[in-house]
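A.B. asks: The sequence and its predicted three-dimensional model are supplied below.
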Amino acid sequence: MTPTTSNSRDDLQFFGKINASASHEIKNVFAVINEAAGLVEDLTLMSEKGMPIEPERLKRVAKSIQGQIRRGDDIIKNMNAFAHSMDEGAKEVNLEETLGLTVALSTRMADMKQIGLEQGKCEPATALVCPFDLMRLLHGVIAAALDTMTQGSVLTVAARPSTDGATFTISSSGQVITLENDTAFAELAKQMNATITNNEKDGVLELFLKKTA
């Protein structure tokens, strides 16, 4: 397998899309912290005028700020891991970890559609693959699945080892998942020796990565 199978322009578009999404999330973190800081300022002005400050109110503000800092730290960690996924070509990849990062980077996309996105129970599995390519492929499949789902539903993605490779399952309880548009990732899937099948009986999509070595 070559270091990467992706088209360079498609790579840049995907990288830009993920970066833009993360940037919006970081802006939201700053907005909440700024709002909390404004409340602290208001409470300080009230105190200067002789009005008592409730300790519990200050504690709630402090917890809100601390929570947003943790959220921002998680976003940066995910972006850092995503950026470093381009450092190397094909290597043995932990599929559960890679899936977890992809789900985290795709959550805002699901939130905008008012659909839940979660990582299901995974079995230990690895694959010889370029991690950046795999994340782009998974993100494309998730995006296409979300386009066919209704608001309020939940999309679950999991991974497991399979004979001669590994399989990702994409499902939603009580709803049939289909792919109406695979143009964004069909060529990449072909280049990665990956196949996507739709079990029409239970509406579960399966993305199979065939072992290459």
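C.D. replies: Looks like it came in fine.
A.B. asks: The longest strand anywhere in the chain: what's the following helix or strand?
C.D. replies: The longest strand of the chain (DSSP state E) is strand 154-162. Downstream of strand 154-162, the next assigned helix or strand under DSSP states H and E is strand 165-171.
A.B. asks: wait, what's in contact with the closest residue in space to L138 that isn't next to it in sequence?
C.D. replies: Among residues not flanking L138 along the chain, T102 sits closest, at 4.6 Å (C-beta to C-beta, 6 or more residues apart in numbering). C-beta here means a position set from N, CA and C on the backbone, and glycine is covered the same way. Neighbour list for T102: L134, M135, L138, H139, I142, V157 [criterion: C-beta atoms under 8 Å, 6 or more residues apart in numbering].
A.B. asks: Local confidence estimate at T102?
C.D. replies: Looking at T102, its pLDDT reads 98.
A.B. asks: now do T2
C.D. replies: At T2, pLDDT is 40.
A.B. asks: Which residue ranges of the protein form helices?
C.D. replies: Taking DSSP state H, the helices of the chain run over residues 8-48, 55-84, 95-112, 131-146, 186-191.
A.B. asks: relative to strand 154-162, how tilted is the fourth one?
C.D. replies: The one in question is helix 131-146. Taking axes from the mean of the first three to the mean of the last three C-alpha atoms, to 10 degrees, one finds that helix 131-146 is oriented at 140 degrees with respect to strand 154-162.
A.B. asks: Using CSV, write out every CA atom in helix 131-146.
C.D. replies: The C-alpha trace of helix 131-146 is given here as CSV (Å, rounded to 0.1, in the frame of the first residue of the first chain):
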residue,chain,number,x,y,z
PRO,A,131,-5.0,6.7,9.6
PHE,A,132,-5.9,9.9,7.8
ASP,A,133,-7.4,8.0,4.9
LEU,A,134,-9.4,5.9,7.3
MET,A,135,-10.8,8.9,9.1
ARG,A,136,-11.8,10.6,5.8
LEU,A,137,-13.5,7.4,4.7
LEU,A,138,-15.4,6.9,8.0
HIS,A,139,-16.3,10.6,8.2
GLY,A,140,-17.7,10.4,4.6
VAL,A,141,-19.8,7.3,5.5
ILE,A,142,-21.1,8.9,8.7
ALA,A,143,-22.0,12.1,6.8
ALA,A,144,-23.9,10.2,4.1
ALA,A,145,-25.8,8.1,6.7
LEU,A,146,-26.7,11.3,8.7
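A.B. asks: from what I can see A184 touches V141, true?
C.D. replies: No. Counting by C-beta atoms under 8 Å, A184 does not reach V141; the two are 9.2 Å apart.
A.B. asks: where are the low-confidence patches of the chain?
C.D. replies: For the chain, applying pLDDT under 70 flags the ranges 1-7, 200-201, 212-213.
A.B. asks: Go through the helices of the chain and name the closest to N199.
C.D. replies: Of all the helices of the chain, helix 131-146 sits nearest to N199, with 13.3 Å by C-beta to C-beta.
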